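A.B. asks: Provided below are the primary sequence and the corresponding predicted coordinates.
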Amino acid sequence: MTETMPGIEGLVVLPSRFAARETLDRFEASVRRKGLLVFARIDHAAGAAKIGQRLRPTELLIFGHPQGGTPLMETAQTLGIDLPLRALAWEDAAGQVWLGYNDPGYLARRHGLVESPAAEALSRALAALATASLEG
C-alpha cells in the first residue's frame, strides 16, 4: 500500500514492518538484483551522532543506471539534479518505519516533461522494486 506524505509532492511512501536499516538493506538487495548501480548509502543518524545530536534511524540510498536516466536527461537535462534516484528509509516518532522515494513521473513533470513513457516505465519498475523489498 502506497501513501503520500502531507505537503510532500511527488514522494511515494510505503510502510515497512522491518527496522529502517533492514528496510534499506532489503531495498538495496532488490536494486542490485535488477542490475542497478548503487552509488552511495548515507546513514543520517550516524552523521548526527558525530556532532552529538540524536536522529531517529534515517538512511538514504542513491542508485540508478545510465540506461534509465540518460533518456530522461536527453529530453530535459535539468533532471540531472534529481538523478540518480534516491530511496529513504526512516523511523517516525511513533516508531513506524517508512520507505520513500521520488516518483520518476513527478520528477519528469517537474522538469517540463508532460508525457514521458520512460518516466512512467521507471515509476512502475521502482514501485515493483519497493513493494518486493518489503514482502516476506
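C.D. replies: All right, it came through fine.
A.B. asks: Let me see the confidence value for residue 116.
C.D. replies: pLDDT, residue 116: 89.
A.B. asks: Now do the contacts for it.
C.D. replies: Residue 116 sits next to 72, 75, 105, 108 when contact means Cβ atoms under 8 Å, 6 or more residues apart in numbering. C-beta here means a position set from N, CA and C on the backbone, and glycine is covered the same way.
A.B. asks: please redo it, this time with the cut-off set to 7 Å
C.D. replies: For residue 116, the contacting residues are 72, 108, by Cβ atoms under 7 Å, 6 or more residues apart in numbering.
A.B. asks: start at 15 instead
C.D. replies: Right, with 15 as the first residue, what we last looked at is residue 130.
A.B. asks: which residues in the protein form helices?
C.D. replies: 34-47, 58-64, 80-89, 118-124, 131-148 (DSSP state H).
A.B. asks: what's in contact with the last one?
C.D. replies: Spelled out, that is helix 131-148. Looking at what lies outside helix 131-148 - Cβ under 7 Å, 6+ apart - the contacts are 28, 30, 40-41, 44-45, 48, 82, 85-86, 99, 113, 115, 117-119, 121-122, 127.
A.B. asks: Please repeat the previous calculation with a cut-off of 8 Å.
C.D. replies: With Cβ under 8 Å, 6+ apart, helix 131-148 has contacts from 16, 26, 28, 30-32, 37, 40-41, 43-45, 48, 82, 85-86, 99, 101, 113, 115, 117-119, 121-122, 127.
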